[in-house]
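Participant: Next input, structure requested:
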Amino acid sequence: QVHLAESGGDLVQPGGSLRLSCAASGFAFNRAYMSWYRQAPGMERELVAGIVNTGFSRTYADFVKGRFTIDRDNLKNEIDLQMNELTPEDTAVYYCNADFDGREYWGQGTQVTVSS
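Facilitator: Now for the predicted structure:
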């Protein structure tokens, strides 16, 4: 059974940093394209960053380029999202996504709130 568990969400002040993690199990992690999405209240879910199965290629949304870094550890079956220079506009629920064998799977999400 596929399971994705996000952690690391918190309340942080503008300009601060957070590191999100997603622990994966129940599938061949090293074959999956992994990504982070986010959804703010009243907004559509949007892609934040993605990383190919080998870790050699990453994709970022324009609004996070230079501030966020996605990484993966295929031995630990985990992806991370390092978020720096956070702004109130980054406030959202952040979701881990696994894409493999033509299907997508989602975690339950972790709340990130950026506020003074």
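
Participant: Can you give me every residue that contacts the residue nearest in space to the middle of the chain?
Facilitator: For the chain, the residue nearest the mean C-alpha position is W36 (2.8 Å; Cα atoms, centre = their mean). W36 is in contact with 20, 22, 47-50, 70, 79, 81, 94-97, counting by Cβ atoms under 8 Å, 6 or more residues apart in numbering. C-betas here are computed from N, CA, C, even on glycine.

Participant: repeat that for 7 Å
Facilitator: Neighbour list for W36: 48-49, 70, 81, 94, 96 [criterion: Cβ atoms under 7 Å, 6 or more residues apart in numbering].

Participant: One more: A23?
Facilitator: Shown in contact with A23 (Cβ under 7 Å, 6+ apart): 5, 77-78.

Participant: Including secondary structure and distance to G107, could those residues go into JSON lines?
Facilitator: As requested, those are arranged in JSON lines below (DSSP: H, G, I helix; E, B strand; the rest coil; distance: Cβ to Cβ, whole Å):
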{"residue": "A5", "secondary structure": "strand", "distance to G107": "6"}
{"residue": "N77", "secondary structure": "coil", "distance to G107": "13"}
{"residue": "E78", "secondary structure": "strand", "distance to G107": "12"}
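
Participant: Quick check: end-to-end length of stretch 6-15?
Facilitator: Stretch 6-15 stretches 22 Å from its first residue to its last (Cα to Cα, to the nearest Å).

Participant: Stretch 53-73 now?
Facilitator: By Cα to Cα, the extent of stretch 53-73 from end to end equals 10 Å.

Participant: Give the buried residues for it.
Facilitator: Neighbour counts over stretch 53-73 (16 or more other Cβ atoms under 10 Å) mark 53, 60, 64, 68-70, 72 as buried.

Participant: Kindly reformat the contacts of W36 as CSV containing pLDDT.
Facilitator: Output for the contacts of W36, formatted as CSV (pLDDT from 0 to 100):
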residue, pLDDT
V48, 98
A49, 98
I70, 98
L81, 98
Y94, 98
C96, 98
